[in-house]
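> show me the folded form of this:
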Amino acid sequence: MNFYNHTLNWITGELFEAYFITNFGVITIIGGILFGKFGSTLNAKALVIPLIVVGIIYAAIGLSMIVSNNNRLTSYKQDFEKDHYAFVKAEKNALRISRSDI
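Okay, the predicted model is just below:
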């Protein structure tokens, strides 16, 4: 397996994670709406807005990850076809920079 395939597998994993985050946000929004509709106590009614806000935040994060990683898929393919060596070097430098932040 070459470096490009590893990069594609990494992006596929990121997309898988992004779909989970987006689905969690949507489920949280639905839960907040259901708490407002079927909740009979004051505590249940008090959870409506926080659950919807948190769900919107998670859904927005997940959707932005989906969009950015799909854009990366197309740009990585073009960059790799242009110059294999430059692509590998750029990815290794990006990995080195991200690890130095830790």
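> helix or strand: which one has Y4?
Per DSSP states H and E: Y4 is located in helix 3-38.
> who does that helix touch, helix- and strand-wise?
Where contact means 3 or more CB pairs under 8 Å, 6 or more residues apart in numbering; DSSP states H and E, helix 3-38 is packed against helix 42-46, helix 48-82, helix 84-100. C-beta coordinates here come from the backbone N, C-alpha and C atoms, glycine included.
> out of those helices, which gets nearest to F16?
Closest to F16 of the helices and strands packed on helix 3-38, according to CB to CB: helix 48-82, at 9.9 Å.
> and the average pLDDT for the closest one is what?
Helix 48-82 comes out with an average pLDDT of 92.
> which other helices and strands contact it?
helix 3-38, helix 84-100.
> pick the most buried one from those helices.
Neighbour counts (mean count of other CB atoms under 10 Å) averaged over each of these peak at helix 3-38, with a mean of 15.
> okay, angle between it and helix 48-82 too, please.
Helix 3-38 runs at 160 degrees relative to helix 48-82, counting by axes from the mean of the first three to the mean of the last three CA atoms, to 10 degrees.
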